[in-house]
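Asker: Pasting the sequence and the predicted coordinates here, then a few questions.
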Amino acid sequence: MAAENKFAICIFADKEMLLTPRRIYQVLPDEKAERSDHIRIVDDDGEDYLYPKKYFVTNSVLND
């Protein structure tokens, strides 16, 4: 079975982050990050980095 694509909407970003508020980003699976209240996001440069969950609204929240 194919993995479900997950996405998140950025609700906070400062000047040092490679994020754009209100932009939709792809979320990559990372169990270790989840345990520390972070999520792995493919940012504006196309690289994946960890960001705090509180900076995003994920599609799992939107589906509830």
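Answerer: It's in.
Asker: For this protein, which segments count as helices?
Answerer: For the chain, the helices defined by DSSP state H occupy 31-35, 59-62.
Asker: By mean pLDDT, show me the worst of those helices.
Answerer: Mean pLDDT is lowest for helix 59-62 among the helices of the chain, at a mean of 61.
Asker: Name the residues of stretch 17-37 that are buried.
Answerer: Neighbour-count burial for stretch 17-37 flags Met17, Leu19, Tyr25, Val27, Ala33 (criterion: 16 or more other Cβ atoms under 10 Å). (Glycine included, C-beta is placed from N, CA and C.)
Asker: was I right about the last one contacting Ile39?
Answerer: Think Ala33. Yes. In this structure, Ala33 is within contact of Ile39 by Cβ atoms under 8 Å, at 6.0 Å.
Asker: Would you mind naming the residues that bridge with the spatially most central residue of the chain?
Answerer: Note on the chain: the residue nearest the mean C-alpha position is Ile41, at 4.1 Å, using Cα atoms, centre = their mean. Beta bridges link Ile41 to Val27, Tyr49, judged by DSSP bridges.
Asker: Does it touch Thr20 like I think?
Answerer: No. Taking contacts as Cβ under 8 Å, Ile41 lies outside contact range of Thr20: 11.4 Å.
Asker: And for Leu57, the neighbour number?
Answerer: One thing to correct before we go on: residue 57 is Val, not Leu. 15 (other Cβ atoms under 10 Å).
Asker: what bridges to it?
Answerer: Ile9.
Asker: which residues touch it?
Answerer: Taking Cβ atoms under 8 Å, 6 or more residues apart in numbering, we find Val57 in contact with Ala8, Ile9, Ile11.
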